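Novice: could you look at this predicted model? Sequence included:
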Amino acid sequence: MPKRVSIVVFRECDPSIVYGVFDTLWAAGTFYKNPPGEPPAEPLFEPRIVAAEPGPLELITGVSIVPQDSIDDIGHTDIVFVPNVIVLTSEELHALDRRLIDWIARMHRQGALICSACGGSLVLAAAGLLSGRETTTHWSHVPVFRREFPDVRLHEDRILVQTGDGHRIIACGGASSWQDLALLLVARYGSGEEAIRMSRFFLYQWHRDGQLPYASMAVNVVHGDAVILKCQSWLGDNYAHADVIAEVARVSGLPKRTFDRRFRAATGYSPLAYVQALRIEEAKQMLETDAAPVDAIGREVGYEDAASFRRLFRRLTGLAPGDYRRRFRIPEFVRVAAAAPPAL
């Protein structure tokens, strides 16, 4: 029998992951598998879109979705899949529909495999499923996740994290990493060969390098410390200075130890880590848009020692600078097309 998959939809969901997961699991085991005339292959999954109550549901993007089931219709399911929820503040997290959260916890107690994509791991944490365990999430959700769930070991650099008894909880990280999780489910309940077939059919690629290459620096500027906010603004213009840490401490007017403590409390970074992150963010943008040599870019952002720049870049992004450029630089045909005058 195909495994029943309940794809849980909150109002805060965006539709891309909902439909992407649905289509992939619906196709697994059958779609374009057998030539015409042969007996049909058996599906691996029976995906269903589930909401708190019947009727159309308008999602955060303004797109409406019609759930196939409500949680009151489902007393048992094999797999619960929680797509992304766009939740960037504690207030938005606490506004999530508690009926759905409690239902997910109940399905877990009854033995269901629980999966989440992107910000969906916030839902699992809110359901109490991740306390004392490890998980991952989209890098943009990290600040609110760490603030609200300090007892969860968060691996924001990883694409997939399996945890819990029997690995019955699986989370995937950033946006398109739901593809990795869908393929994992196909491999687990079908075969590795079927997962490869699905990846070829849908042109999915495994995100083998983790999330670090895709992450951007999360800058906290709503902490209420006016002195540190002034220092952050100053660093945005002066991060490439050779003695920048000592300079910004002088800008603050605070004793060095007091400055270090307040800076970390306000931003979540030590002053050195903050400057390193700023420099690497600028280097990433230059690698994406500029043809300058890697070492020249390193000097531009404040590193005279090319080897030190390359080591730091790899540590913070997971890729060497040259590999990052090859992956993220805009293709030439796109650059040419964008520069061309619009057709009349």
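Specialist: In hand now; what should we look at?
Novice: by mean pLDDT, flag the weakest helix or strand of the protein.
Specialist: helix 332-339 (a mean of 58; mean pLDDT, DSSP states H and E).
Novice: pLDDT weak spots in the stretch 201-344 of the chain?
Specialist: Low-confidence regions of the stretch 201-344 of the chain, defined by pLDDT under 70, span residues 207-222, 330, 332-344.
Novice: what about the helices in it?
Specialist: In the stretch 201-344 of the chain, the helices defined using DSSP state H, counting those that start in this stretch lie at 226-238, 244-252, 256-267, 271-289, 294-300, 306-317, 321-328, 332-339.
Novice: so which of those helices is the most surrounded?
Specialist: helix 271-289 (a mean of 19; mean count of other Cβ atoms under 10 Å). Where you see a C-beta, it was placed from the backbone N, CA and C, and this is true even at glycine.
Novice: what's next to that helix, contact-wise?
Specialist: By Cβ atoms under 8 Å, 6 or more residues apart in numbering, the residues outside helix 271-289 that reach it are 216-217, 232, 235-236, 239-240, 244-245, 248-249, 259-260, 263-264, 267, 269, 292, 294, 297-298, 300-303, 309, 312-313, 316-317, 321, 324-325, 328-330.
Novice: with stretch 169-176 instead?
Specialist: With Cβ under 8 Å, 6+ apart as the criterion, stretch 169-176 contacts 16-17, 84, 108, 113-118, 120-121, 124, 129-130, 133, 135-139, 156, 158-163, 178, 180-181, 184, 207, 210-211, 214-215.
Novice: possible to save the helices of the stretch 201-344 of the chain as JSON lines with distance to R146?
Specialist: Below are those laid out as JSON lines (distance: least, Cβ to Cβ, whole Å):
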{"stretch": "helix 226-238", "distance to R146": "18"}
{"stretch": "helix 244-252", "distance to R146": "24"}
{"stretch": "helix 256-267", "distance to R146": "13"}
{"stretch": "helix 271-289", "distance to R146": "15"}
{"stretch": "helix 294-300", "distance to R146": "30"}
{"stretch": "helix 306-317", "distance to R146": "18"}
{"stretch": "helix 321-328", "distance to R146": "26"}
{"stretch": "helix 332-339", "distance to R146": "36"}
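Novice: of those, which is nearest E12?
Specialist: For E12, the closest of these is helix 256-267, at 26.6 Å, according to Cβ to Cβ.
Novice: then that closest one to PDB, C-alphas only?
Specialist: Extracted C-alpha coordinates of helix 256-267, given in PDB (Å, rounded to 0.1, in the frame of the first residue of the first chain):
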ATOM      1  CA  LYS A 256      37.100  47.600  25.300                       C
ATOM      2  CA  ARG A 257      35.700  44.800  27.500                       C
ATOM      3  CA  THR A 258      32.400  46.700  27.900                       C
ATOM      4  CA  PHE A 259      32.300  47.300  24.100                       C
ATOM      5  CA  ASP A 260      32.900  43.600  23.400                       C
ATOM      6  CA  ARG A 261      30.200  42.500  25.800                       C
ATOM      7  CA  ARG A 262      27.600  44.900  24.600                       C
ATOM      8  CA  PHE A 263      28.400  44.200  20.900                       C
ATOM      9  CA  ARG A 264      27.900  40.500  21.300                       C
ATOM     10  CA  ALA A 265      24.700  40.900  23.400                       C
ATOM     11  CA  ALA A 266      23.200  43.300  20.800                       C
ATOM     12  CA  THR A 267      24.200  41.600  17.500                       C
END
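Novice: what about it, distance to the chain center?
Specialist: Centroid separation for helix 256-267 versus its chain: 28 Å, with Cα atoms, centre = their mean, to the nearest Å.
Novice: all strands of the stretch 101-250 of the chain, in order?
Specialist: Remark: strands assigned in the stretch 101-250 of the chain by DSSP state E, counting those that start in this stretch are 113-117, 134-135, 153-154, 160-163, 169-172.
Novice: show me what contacts R326?
Specialist: Counting by Cβ under 8 Å, 6+ apart, R326 has no contacts.
Novice: next, the buried residues of stretch 181-199.
Specialist: 181-190, 194-195, 197-199 (16 or more other Cβ atoms under 10 Å).
Novice: could you dump stretch 291-302 to CSV, C-alpha only?
Specialist: The C-alpha trace of stretch 291-302 is given here as CSV (Å, rounded to 0.1, in the frame of the first residue of the first chain):
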residue,chain,number,x,y,z
ALA,A,291,35.8,39.8,-12.9
ALA,A,292,38.7,40.9,-10.7
PRO,A,293,41.1,38.2,-9.5
VAL,A,294,40.3,36.5,-6.2
ASP,A,295,43.4,37.8,-4.4
ALA,A,296,42.5,41.4,-5.5
ILE,A,297,39.0,41.0,-4.1
GLY,A,298,40.6,39.7,-0.8
ARG,A,299,42.7,42.9,-0.6
GLU,A,300,39.7,45.0,-1.5
VAL,A,301,37.8,43.7,1.5
GLY,A,302,40.7,44.0,3.9
